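J.: can you look at this prediction? I've put the sequence above it.
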Amino acid sequence: MEHLKYLNKFFWKYRTRLLLGIVFVTLSNYFRVLQPQMIREGFDLVVEHISMYRLFDGFALQSEFYGVLAQTLLYYGLLVLFLALVMGVFMYLMRQTIIVMSRLIEYDMRKEIFQQYENLTQAFYKRNKTGDMMARITEDVGKVRMYIGPAVLYGINLISTVVLVVYSMLQVSVELTLYSLAPLPFLSISIYYVSNIINKRSYLIQQQLASLNSTAQESYSGIRVIKSYVQERAIRKFFTGQSDEFKDKSLDLAKVDAFFYPLMLVMIGASTILTVYIGGLQVVKGTITAGNIAEFVIYVNLLTWPVTAVGWVASIIQQASASQRRINEFLDQKPEIANPVSNGVPQPLRGAIEFDKVTFVYPDTGIKAIEGLSLKLEPGQKLAIVGKTGAGKTSIADLLLRMYDVSEGSIKIDGKDIREHDLANLRERIGYVPQDVFLFSDTVGNNIAFGKRDAAQAEIEQFARYAAVYEDIEGLKNGFATLVGERGVTLSGGQKQRVSIARALIKQPDIIILDDCLSAVDTNTEKQILGYFNASLADKTTIIITHRIYSLLSFDKIIVLEDGQIAEQGTHQELIERKGYYADMYEKQSLEEAL
């Protein structure tokens with residue numbers, strides 16, 4: 001139960017439903033226990049008066065006596081039915097409280113886990129697989145709900161039933177009660193030893209299920225690569241191997257679970273045999289009536305399901321414990337990026353940026369992306385960052401967005417350390433177009449409006465024009481209402497880039513970061529977009545990370561990165577005169593354009 005302690009806060013939150021559920025379960029079982037007593041009285045009535053009925057054989061009084069006896073038995077039968085009806089009402093109410101409570105807790109848990117996923121940093125997502133995270137928020141939460149719903153319900157039912165039934169049995173005969181319940185402690189001992197096996201196997205099953213989900217998710221996302229390399233058979237074989245492993249582990253658990261049920265039936269059967277045998281001896285002695293035997297047999301059968309449920313509940317608790325352990329592993333993780341206390345009031349940025357001897361090492365890989373970088377931009381200035389692949393260009397963008405924190409040195413925005421800025425406000429005021437464009441499985445219009453959730457349709461269309469994608473969208477079957485498919489699969493690379501640009505610009509941010517976002521755009525479209533940049537981004541601090549040189553844009557500073565350090569910096573003309581990497585790059589690009 002160690003890992004399940006986390007759920008106590010939810011039980012406290014919904015304590016009213018839980019307490020009402022306990023009351024309804026107890027009342028339901030109270031009326032259930034009254035039924036055997038009514039049956040006992042009816043049974044004793046028949047036994048006591050059957051001999052008298054036969055004495056009137058041949059007399060007219062016999063039919064009248066029969067009518068009175070039948071009427072009395074009917075009364076007891078209707079009374080049993082009435083008690084069953086009342087019991088059923090309380091059973092309905094207990095499900096409306098405890099089971100509904102479990103669904104509400106399930107809802108809260110999923111929201112909490114999802115919020116935790118949102119809070120965790122980019123480094124976390126590099127360490128963990130998507131399928132595993134999906135398994136924890138779906139399969140594992142489902143297992144936990146079985147504990148906080150059915151397992152809690154049947155646990156309460158077990159306790160109240162045992163207390164009420166055993167109390168009623170002791171009122172009749174202590175000796176017969178002890179004999180009837182004698183096999184049950186052996187059942188408890190067997191459950192104690194087997195529950196550990198269930199826990200270990202459940203944890204292994206959930207781990208394997210997470211691996212299975214990850215494999216499936218990666219296969220679906222990379223289906224084009226799989227097909228283009230004709231690797232369907234190999235992937236299918238790998239998936240089948242993982243499925244077989246999951247099946248084997250599930251069967252191992254099923255074998256342990258299957259052991260419980262027949263074991264409990266044997267124990268209950270032994271209790272019934274002892275009840276009839278010992279009870280019969282006591283009837284002969286005159287200490288109890290024949291009706292008491294019938295009453296005890298019903299009591300023993302009333303205990304059958306609650307006691308049988310012990311194994312089932314124990315199995316659910318062990319599986320829930322294994323799942324909650326996996327959930328806690330993520331919930332216990334603290335985001336590497338700490339957000340300072342914020343009053344929630346949006347604060348515009350002027351756009352002054354300063355890197356002071358910044359060194360950055362990726363926390364998981366240990367790769368040094370930036371070393372001793374110093375850089376200063378005034379509000380409204382334009383910066384181009386060029387360099388070879390792996391030089392550290394994208395790392396600068398990640399640091400400005402605080403996807404990571406610097407290893408050494410500091411970054412200041414408007415003279416204030418970036419770690420002292422409100423994280424949400426910082427990212428809200430920065431418009432970022434990443435190198436790896438991601439579109440949601442939604443309409444084109446909603447993907448653009450993702451940058452500004454309350455954007456009007458006219459505003460969406462206007463920024464689509466700025467990004468030179470308006471005509472492309474209008475050419476689609478449903479225009480802005482066209483669904484783009486998962487990750488924007490129905491659009492071309494250039495269209496996805498331009499939709500992503502429109503999404504960033506519609507925020508009307510104070511700082512713009514464009515990470516090689518025009519690589520899939522043709523020359524004419526590029527001119528349109530750059531024309532808008534010149535006109536509308538004049539007063540905004542802009543950083544463009546690129547492998548190309550944009551002659552249509554005037555940059556205040558250009559830096560050339562090499563191995564995370566600034567190899568060259570200056571204006572366009574200064575770098576051309578230096579005749580280094582930048583000059584070679586410009587010369588090659590000019591030759592390509594001329595050809």
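T.: On my side now, so go ahead.

J.: who are the contact partners of the spatially most central residue of the chain?
T.: The structure's the chain has its C-alpha centroid closest to residue 137; by CA atoms, centre = their mean the separation is 1.6 Å. Taking CB atoms under 8 Å, 6 or more residues apart in numbering as the criterion, residue 137 is in contact with 110, 113-114, 117. From N, CA and C alone the C-beta is placed, and that goes for glycine too.

J.: double-check that it belongs to a helix.
T.: Yes: assessed by DSSP: H, G, I helix; E, B strand; the rest coil, residue 137 belongs to a helix.

J.: what sits closest to residue 536 if chain neighbours are left out?
T.: Taking CB to CB, 6 or more residues apart in numbering as the measure, residue 536 lies nearest to residue 466, with 7.1 Å between them; neighbours along the chain are not counted.

J.: typed the wrong thing, it's residue 135
T.: Using CB to CB, 6+ apart and skipping the chain neighbours, the partner closest in space to residue 135 is residue 210 (4.0 Å).

J.: can you give me the helices for the stretch 301-450 of the chain?
T.: Ranges of helices in the stretch 301-450 of the chain, per DSSP state H, counting those that start in this stretch, are 304-331, 393-400, 423-428, 444-449.

J.: for those helices, which one sits closest to residue 508?
T.: Of all the helices of the stretch 301-450 of the chain, it is helix 423-428 that lies closest to residue 508, at 10.6 Å by CB to CB.

J.: what does that closest one rub up against?
T.: When contacts are defined by CB under 8 Å, 6+ apart, helix 423-428 is touched by residues 337, 339-340, 342, 346-347, 349, 401-402, 413, 418, 507, 509.

J.: so of those, which ones are in strands?
T.: Mapping the contacts of helix 423-428 onto strands (DSSP state E) picks out residue 413.

J.: just the pLDDT for residue 341.
T.: According to the model's per-residue confidence, residue 341 sits at a pLDDT of 66.

J.: do the one 10 residues further on as well
T.: You'll see residue 351 listed with a pLDDT of 89.

J.: hmm, it is touching residue 541, no?
T.: Yes: the pair residue 351 and residue 541 qualifies as a contact (CB atoms under 8 Å) at a distance of 3.2 Å.

J.: who's more crowded, these two?
T.: Neighbours around residue 351 and residue 541, counted as other CB atoms under 10 Å, are more numerous at residue 541. The numbers are 25 against 22.

J.: which residues touch that one?
T.: Under the criterion of CB under 8 Å, 6+ apart, the contact list for residue 541 reads 351-353, 377-383, 510-512.

J.: partner residues bridging it?
T.: As for beta bridges, residue 541 partners with residue 511 under DSSP bridges.

J.: could you export the contacts of residue 541 as TSV, including distance to residue 486?
T.: TSV is the format used below for these (distance: CB to CB, whole Å):
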residue	distance to residue 486
351	35
352	40
353	35
377	37
378	42
379	39
380	39
381	38
382	35
383	34
510	32
511	30
512	28
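
J.: buried subset of those?
T.: Applying a neighbour-count criterion of 16 or more other CB atoms under 10 Å, the buried members of the contacts of residue 541 are 351-353, 377, 380-383, 510-512.

J.: just the ones of the residues you listed in strands?
T.: Among those, DSSP E puts 353, 377, 382-383, 511-512 in strands.

J.: list just the nearest of these to residue 179.
T.: Closest to residue 179, out of all of those and judged by CB to CB, is residue 511, at 82.3 Å.

J.: was I right to think the closest one contacts residue 350?
T.: No: at 9.4 Å, residue 511 does not count as touching residue 350 under the criterion of CB under 8 Å.

J.: now for the longest helix belonging to the chain, which elements pack on it?
T.: Taking DSSP state H as the criterion, the chain has its longest helix at helix 232-285. Helices and strands in packing contact with helix 232-285 are listed as helix 174-181, helix 184-221, helix 290-302, helix 304-331; criterion 3 or more CB pairs under 8 Å, 6 or more residues apart in numbering; DSSP states H and E.

J.: which one of those helices lies closest to residue 549?
T.: Among those, helix 184-221 comes nearest to residue 549, with 34.2 Å by CB to CB.

J.: can you name the next helix or strand after the closest one?
T.: Counting by DSSP states H and E, the element after helix 184-221 in chain order, helix or strand, is helix 223-228.

J.: which residues does residue 483 bridge with?
T.: Beta-bridge partners of residue 483, counted by DSSP bridges, are residue 443.

J.: that one: what's it in contact with?
T.: Residues in contact with residue 483 (CB under 8 Å, 6+ apart) are 441-443, 490.

J.: and what of residue 461?
T.: 470, 480.

J.: how does it look with 7 Å?
T.: Under the criterion of CB atoms under 7 Å, 6 or more residues apart in numbering, the contact list for residue 461 reads residue 470.

J.: likewise for residue 406?
T.: Contacts of residue 406 were listed using CB under 7 Å, 6+ apart, and they are 358-360, 399.

J.: what's the mean pLDDT across stretch 284-291?
T.: Computed over stretch 284-291, the average pLDDT equals 82.

J.: chain center to it: distance?
T.: Averaged C-alpha coordinates place stretch 284-291 at 59 Å from its chain's average position (CA atoms, centre = their mean, to the nearest Å).

J.: what about that stretch, start to end distance?
T.: Across its full length, stretch 284-291 reaches 13 Å end to end, with CA to CA, to the nearest Å as the criterion.

J.: so for that stretch, what gets flagged as buried?
T.: Residues of stretch 284-291 classed as buried by neighbour count (16+ other CB under 10 Å): 288-291.

J.: and if you look at stretch 389-403?
T.: Going through stretch 389-403 with 16+ other CB under 10 Å, the ones that come out buried are 391-403.

J.: ok, which pair from those residues is furthest apart?
T.: Among these, the pair separated by the greatest distance (CB to CB) is 391 and 402, which sit 21.1 Å apart.

J.: residue 134 is in contact with the residue nearest to residue 135, correct?
T.: No: checked against CB atoms under 7 Å, the pair residue 210 and residue 134 is beyond contact range at 8.3 Å.

J.: higher neighbour count, those two?
T.: For residue 210 and residue 134, the more surrounded residue by other CB under 10 Å is residue 210, and the numbers stand at 21 against 16.

J.: list the contacts of the more buried one.
T.: With contact set as CB under 7 Å, 6+ apart, residue 210 has these partners: 131-132, 135.

J.: for the residues you listed, pick the one with the most neighbours.
T.: Among those, residue 135 has the most neighbours (other CB under 10 Å), with 24 neighbours.

J.: was I right to think that one contacts residue 213?
T.: Yes: in this structure, residue 135 is within contact of residue 213 by CB under 7 Å, at 4.7 Å.

J.: and for the two, which residues touch both?
T.: With contacts defined as CB under 7 Å, 6+ apart, no residue is shared by residue 135 and residue 213.

J.: please name the nearest non-neighbouring residue to residue 43.
T.: Of all residues not flanking residue 43 in the chain, residue 291 sits nearest, at 3.9 Å (CB to CB, 6+ apart).

J.: next: residue 363.
T.: Nearest residue to residue 363 in three dimensions, chain neighbours excluded: residue 123, at 5.2 Å (CB to CB, 6+ apart).

J.: so which strand or helix has that neighbour?
T.: With secondary structure defined by DSSP H and E, residue 123 is part of helix 122-127.

J.: any idea of the mean pLDDT in that helix?
T.: In this model, helix 122-127 has a mean pLDDT of 80.

J.: what's in contact with it?
T.: Counting by CB under 7 Å, 6+ apart, the neighbours of helix 122-127 from elsewhere in the structure are 333, 336, 363-364, 403-404.

J.: using PDB, write out every CA atom in stretch 373-386.
T.: This file holds the C-alpha atoms of stretch 373-386, laid out as PDB (Å, rounded to 0.1, in the frame of the first residue of the first chain):
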ATOM      1  CA  LEU A 373      29.400  32.800 -25.900                       C
ATOM      2  CA  SER A 374      29.000  36.600 -25.400                       C
ATOM      3  CA  LEU A 375      26.600  38.600 -27.500                       C
ATOM      4  CA  LYS A 376      24.500  41.700 -27.100                       C
ATOM      5  CA  LEU A 377      21.400  42.900 -29.000                       C
ATOM      6  CA  GLU A 378      19.600  46.200 -28.500                       C
ATOM      7  CA  PRO A 379      15.800  46.400 -28.800                       C
ATOM      8  CA  GLY A 380      14.700  46.200 -32.400                       C
ATOM      9  CA  GLN A 381      18.000  44.900 -33.800                       C
ATOM     10  CA  LYS A 382      18.200  42.100 -36.300                       C
ATOM     11  CA  LEU A 383      20.700  39.200 -35.800                       C
ATOM     12  CA  ALA A 384      21.500  36.400 -38.200                       C
ATOM     13  CA  ILE A 385      23.200  33.200 -36.900                       C
ATOM     14  CA  VAL A 386      24.900  31.100 -39.500                       C
END
